[in-house]
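>>> got a predicted structure here, sequence first:
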Amino acid sequence: MTAVSHMSVDPKKVTWLYVAFQLLFNLLLWVPIFYEFQKQIGLSDSQIFYIQSVYYIAFCLLEIPTGFLADRVSYRFCMGAGAMLLTFANLMPVAFPNYTGFMVHFLAIALCRSLISGASSAYLYEFLRQRNEQDRYRKIEGDGRFWSLVGRIVAGAAAAPLMALDLDSPYWISAAAAAMSFGAVLLLPKVGAWSRGDEAEPTKVSYRAAWRRAFESPRLVLLMLQGVGFFVMARILIVNLFQPLLNSKDFALAYYGAIMGITMVGEAFGSKFAHKVRAILSDRGAVTAMTLVMSLSLLGAAFGGQVVTLLSLALFSVAMGLSAPVQKQLMNDAIPEPKLRATLLSCESIVDRAMCAVAVLPLGTMVATGRTSESLIWAAGLTAFGAILIHLCFYCFEKRQAAGAAAFLAKDSSGLNATRSGL
């Protein structure tokens, strides 16, 4: 494959199109109210959490072919397919407001998110790498998250009032935003992992090769596990436990969108300044520290009243915003082969969603039996324990590497001295 034309494209244009895609694709107005929506149409807590568990399992299974497809065909193709499918997925609850309709809705959401989960990050990183500007990745990724969250803040605050006026309106507006995100993808230049301005051809990509390369690099495996901790905790709280938590603290439904807006403000603030974390902490240390802050925030929400819960959610969101772009930069930097980038990023998502699928069923049982606070305590404790354990594993691994390098240098030095003595 010959060089692609993206080298002549204004990088500012690509940056803003990428940010626009992230903004519009993630503009899901139904997130703050979908639990209440499902309750109003007659679904039980067990049915709601069962759908969520199936969603995470489906995401795991769908990550396998979609990451491969992105590396093998085109990052942009997968981004466009995901945006188009999301448009129709957002309309399923409107057309079929029942258990089956929501099951199909979330299965379609799983497919469209798996299509873009590795592809979008890989697209941006490869575009920058091929211009030798990969150091800008964290800043642009953070800006993308910032503006997508700003859009969701404005929209999220309107979710409950819109639902009160028209039950289906959050889903209609989300579908319109997804359709516009497809338009942003059409304007992006094509980028491939092998487009380096030379005559390099794509080599065979497979999931077996991706997993083999991952396990050949202990550092990459540890980075995957490190990301799982805070990504799982973030999804569990913001998606699965957010509305049950507010219910347990006696917040009125009319405030759900505004409270979701508070969490988005916190995450947007963190994302905007994620690139400045390096001045204070190492990248890996920052992710560990922010994971522990998020765990403490969950405990605050579990034990506190309404005010403490709001403050805890805000702190949780700031920590999440600071750590997510840093973790993505660490993962992209650690990937040994660009042609496997989307596939390896999908491998990380598989582990992430598998843990969500395992966690959501027992948490759902706790919520259904009125033990929402207990579910938060378990999530906080297990995540904090995992973060500390992974940090210690990194320490041991790096210490062993340093010892091996010192031994090699000492052996090389002694061999050189012996050669000089012989002379």
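Looks like it arrived, so ask away. Numbering: from 1, shown residues only.

>>> leaving out the residues flanking it, which one is nearest to residue 127?
Across the structure, with CB to CB, 6 or more residues apart in numbering as the measure, the residue nearest residue 127 apart from its sequence neighbours is residue 191 (4.9 Å). To be clear about C-beta, it is placed using only N, CA and C from the backbone, and glycine gets the same treatment.

>>> and that neighbour, helix, strand or coil?
Applying DSSP: H, G, I helix; E, B strand; the rest coil to residue 191 yields a three-state assignment of coil.

>>> likewise for residue 28?
Counting by three-state DSSP, the backbone at residue 28 sits in coil.

>>> and it, what are its phi and psi?
Note on residue 28: backbone dihedrals following degrees, to the nearest 10 are phi -100, psi 90.

>>> I figured it hits residue 152, correct?
Yes: with contacts counted by CB atoms under 8 Å, residue 28 reaches residue 152, the gap being 7.4 Å.

>>> tell me how many other residues crowd the residue nearest to residue 127.
22 (other CB atoms under 10 Å).

>>> kindly provide the distance from it to residue 121.
Going from residue 191 to residue 121 by CB to CB, to the nearest Å gives 12 Å.

>>> check residue 24 too.
In this view, residue 24 and residue 121 are 17 Å apart by CB to CB.

>>> got it, and residue 281?
Plainly put, residue 281 is 22 Å away from residue 121 if you go by CB to CB.

>>> do the same with residue 262
From residue 262 over to residue 121 the distance is 27 Å, taken as CB to CB.

>>> next, the buried residues of stretch 61-74.
Going by neighbour count (16 or more other CB atoms under 10 Å), the buried part of stretch 61-74 is 62, 63, 64, 66, 67, 68, 69, 70, 71, 72, 74.

>>> how about the first one, what does it touch?
Spelled out, that is residue 62. Under the criterion of CB atoms under 8 Å, 6 or more residues apart in numbering, the contact list for residue 62 reads 110, 111, 114.

>>> setting aside sequence neighbours, what's the nearest residue to it?
Closest residue to residue 62 apart from its sequence neighbours, by CB to CB, 6+ apart: residue 114 at 4.1 Å.

>>> just the last one next, same as before
Nearest-residue entry for residue 74: residue 190, 6.3 Å, with adjacent residues in sequence omitted and distances by CB to CB, 6+ apart.

>>> repeat for the fifth one
With sequence-adjacent residues excluded and distances taken as CB to CB, 6+ apart, residue 67 is closest to residue 346, at 2.6 Å.

>>> next secondary structure element downstream of the helix or strand that residue 153 is a member of?
Assessed by DSSP states H and E, residue 153 sits inside helix 137-165. Using DSSP H and E, the helix or strand that follows helix 137-165 towards the C-terminus is helix 169-187.

>>> state the mean pLDDT of that following helix.
What helix 169-187 shows for mean pLDDT is 90.

>>> and the angle from it to helix 137-165?
For helix 169-187 and helix 137-165, the angle between their directions (axes from the mean of the first three to the mean of the last three CA atoms, to 10 degrees) works out to 150 degrees.

>>> now helix 169-187, how far from the centre of its chain.
The gap between the average C-alpha position of helix 169-187 and the chain average comes to 20 Å, counting by CA atoms, centre = their mean, to the nearest Å.

>>> show residues contacting that helix.
Contacts of helix 169-187 (CB under 8 Å, 6+ apart): 17, 20-21, 23-25, 27-30, 33, 37, 76, 79-80, 83-84, 86-91, 93-94, 155, 159, 162-163.

>>> 7 Å - rerun?
By CB atoms under 7 Å, 6 or more residues apart in numbering, the residues outside helix 169-187 that reach it are 17, 20-21, 24-25, 27-30, 33, 76, 79-80, 83-84, 86-87, 90-91, 93-94, 159, 162-163.

>>> just the C-alphas of that helix, formatted as CSV.
What follows is helix 169-187 as a C-alpha-only set of coordinates in CSV (Å, rounded to 0.1, in the frame of the first residue of the first chain):
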residue,chain,number,x,y,z
SER,A,169,-36.8,12.5,23.7
PRO,A,170,-33.4,11.6,25.2
TYR,A,171,-33.1,8.7,22.8
TRP,A,172,-34.2,10.7,19.7
ILE,A,173,-31.6,13.4,20.4
SER,A,174,-28.9,10.8,21.1
ALA,A,175,-29.7,9.2,17.7
ALA,A,176,-29.3,12.6,15.9
ALA,A,177,-25.9,13.2,17.6
ALA,A,178,-24.7,9.7,16.5
ALA,A,179,-25.7,10.5,12.9
MET,A,180,-23.7,13.7,13.0
SER,A,181,-20.7,11.8,14.4
PHE,A,182,-20.8,9.7,11.2
GLY,A,183,-20.5,12.9,9.2
ALA,A,184,-17.4,13.8,11.1
VAL,A,185,-15.8,10.4,10.3
LEU,A,186,-16.5,10.9,6.5
LEU,A,187,-14.3,14.1,6.6
